[in-house]
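Q: Here is my input, please return the structure:
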Amino acid sequence: MAYLEMEKQQIKDYILKNLKRTLKEANDYLKYPFIDPGSVYDGNLWDWDSFWATYALLNMTKEIAVELKEKVILHAKGNIYNFFDNQLEDGYIPMMIEKTELKEPYLNIKHKEGVIMNMCKPFLCQQIGLISGFIEDYTWVLPYKEKIKKYFDCYKKYYYNPKVGLYVWADDIMIGIDNDPSSFGRPKFSTANIYLNSFMVSELKAAIKLFRAWQEEESVQSLQGELNELIENINKECWDKRDAFYYSVDVDICTREFDWFHKGLGVFWNTLPIKIRSCSSLVPLYVGFPSKKQAEAIKNHLLDPTTFGSPWGITSLAMDEKMYNLEATNNPSNWLGPIWMVTQYLVFRGLMNYGYTAEAKALCERIIQLLSQDIQKTGTLHEFYHPMTGEPIMNAGFMNWNMLVINMMDELEQKSSMYELIF
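A: Residues are numbered from 1 along each chain as shown. This next block holds a predicted model:
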């Protein structure tokens, strides 16, 4: 990437100059310092957003002053403390905490009212593991060990479908890939989303490492059993042999009897594949449970120029899906095609994990050109981009997972990945 040295330096200079904007101090609704995404999300603490910001910031600590490095660690720990500070008795943790006129997070209020909505996405243990691995200390979070167990218990109680052995979204609110058609607009508790289940694999892996560090062998064995079972069920229910691709699945499947009808052979399959090719289906490559053959098939899908492989990166929805759309929209954010940096990193790291270094390098080069172009034209970075032109779509000043481009550059130069600290 010698010919991109100027562009790489331009991106690094911009990010290093602006990264302090993501570090927010404690306030009346978040007791501990924390990390936010920037732009329109200023002052909000989010689950997977804070994980990826921490993932990027810790990677850059060798290039910043010592006092700023300590501040990054302080704020990263604060993310975790804030989530636990807002955990309810049954283990529920909200996905997002924001400043409002309410006395506690809206999601906690609804949960107390008996309304089951989605909870903190499975990035809590991954973020704890990332921080702990980086500072080489697992004792700072030891007082919260029982809270972690309650967090998993809450997932099992409200979001686990025992019939199929997979986790489901309670609804389509704040699901990460906000308007992924395999979940968005669908009935409550009906979708075992491949994003959710894949990252739960990562979360269980991270938790195993934590409890092993705390010498809790009984918990380690229990979590390992859950992990093995979950991977088996994902491959059984979500892997489509014909398409050679992972899909989210509908779990609202049963024989619907009426009077004397349907008394013969009923529905014997547990799930129905929701054959929408979203970037959610690319997450398994990052998590690492597909076989080499499965990984190669996913790689072929994501590089296909008629589906995910656009000139400027990997699209958030396959370009030949009927829902493909590039409008500027918030609430939900648009994941129906635009280029998102977190997707680029997930695919990049997945390719690297399976030895597809050349493909990872080519993707990284496209992203460097994309972000450099944005800085040159607008003086800032945006939340997501047009896959055909590389032009920004909306939310100027967004930082968060845009910073992962530096992780990509560093990992291509054989620097250790933050990924290795977690598992």
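
Q: what stretches of the stretch 1-150 of the chain score poorly on pLDDT?
A: Along the stretch 1-150 of the chain, segments meeting pLDDT under 70 span 1-2.

Q: So which residues of it form strands?
A: 23-24, 34-35, 45-46, 96-97 (DSSP state E, counting those that start in this stretch).

Q: got TSV for these, with distance to residue 375 too?
A: Where you see a C-beta, it was placed from the backbone N, CA and C, and this is true even at glycine. Shown next, in TSV, are the strands of the stretch 1-150 of the chain (distance: least, C-beta to C-beta, whole Å):
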stretch	distance to residue 375
strand 23-24	21
strand 34-35	22
strand 45-46	24
strand 96-97	28
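
Q: To residue 352, which of those lies closest?
A: With C-beta to C-beta as the criterion, residue 352 lies closest to strand 34-35 of these, at 24.9 Å.

Q: most packed of the strands of the stretch 1-150 of the chain?
A: Mean neighbour count (mean count of other C-beta atoms under 10 Å) peaks for strand 34-35 among those, with a mean of 28.

Q: check contacts around the residue most central in space within the chain.
A: The centroid of the chain falls nearest to residue 48 when counting by C-alpha atoms, centre = their mean (5.2 Å). Residues near residue 48 by C-beta atoms under 8 Å, 6 or more residues apart in numbering: 121, 123, 176, 199.

Q: Do you have the helices of the stretch 201-350 of the chain handy? List them.
A: Taking DSSP state H, counting those that start in this stretch, the helices of the stretch 201-350 of the chain run over residues 217-237, 283-287, 292-303, 341-353.

Q: Which positions in the first one come out as buried?
A: Burial within helix 217-237, assessed by neighbour count using 16 or more other C-beta atoms under 10 Å, is assigned to 219-220, 222-224, 226-227, 230-231, 233-234, 237.

Q: which outside residues touch stretch 315-327?
A: Stretch 315-327 has contacts (C-beta under 8 Å, 6+ apart) with 177, 180-181, 276-279, 306-308, 310, 334-340, 343, 384, 386-387, 393.

Q: Can you give the distance from that stretch to the centre of its chain?
A: Averaging C-alpha positions (C-alpha atoms, centre = their mean, to the nearest Å) puts stretch 315-327 19 Å from its chain's average.

Q: what do you get for stretch 31-41?
A: Relative to the centre of its chain, stretch 31-41 is centred 17 Å away, using C-alpha atoms, centre = their mean.

Q: Ok, stretch 323-334 next?
A: From the chain centre to the centre of stretch 323-334 is a distance of 18 Å (C-alpha atoms, centre = their mean).
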